[in-house]
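# missing the sequence, but the structure's below:
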């Protein structure tokens, strides 16, 4: 994870590093931090279907089912449209 943080420090608009940081935080069970990282990445570029789904899981883990459902639906829409 320090590599992603360093990459973002050097190049704040490096989208891949931002999403990778979000995925890493999510996999460590750090849902609140992951959500923040997903949001910062999404502010710069649209999320992939995988990112939207993981974002949804983080929100669900933090007992935010309505927000989680929005991102789950975004993931489904991206998958149907050929999103990553």
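Yes, it's here. Note that the structure is a prediction, hence the values are computed from the model and not measured.

# Next, name the residue at the spatial heart of the chain.
residue 38 (3.2 Å; Cα atoms, centre = their mean).

# Confirm for me that it is in contact with residue 47.
Yes - assessed by Cβ atoms under 8 Å, residue 38 is found in contact with residue 47 at 6.9 Å. C-beta: built from backbone N, CA, C; applies to glycine.

# who touches both of these two?
Listed as contacting both residue 38 and residue 47 by Cβ atoms under 8 Å, 6 or more residues apart in numbering are 19, 55.

# and the residue nearest to the centre of the chain, what does it touch?
Counting by Cβ under 8 Å, 6+ apart, residue 38 has contacts 19, 22, 47, 51, 54-55, 58.

# again, only using 10 Å
Contacts for residue 38 (Cβ atoms under 10 Å, 6 or more residues apart in numbering) come out as 18-19, 21-23, 25-26, 47, 51-52, 54-56, 58-59, 71.

# for those, which one is nearest residue 4?
Nearest to residue 4 among the contacts of residue 38 is residue 21, at 3.9 Å by Cβ to Cβ.

# so what's the most far-flung residue of the chain relative to its centre up against?
Going by Cα atoms, centre = their mean, the residue of the chain most distant from its centre is residue 10, 20.1 Å out. Going by Cβ under 10 Å, 6+ apart, residue 10 touches residue 17.

# Local confidence estimate at it?
For residue 10, the pLDDT comes out at 97.

# likewise residue 30?
We have a pLDDT of 95 for residue 30.

# from what I can see it touches residue 37, true?
Yes - look at residue 30 against residue 37 with Cβ atoms under 10 Å: they come within range, at 9.2 Å.
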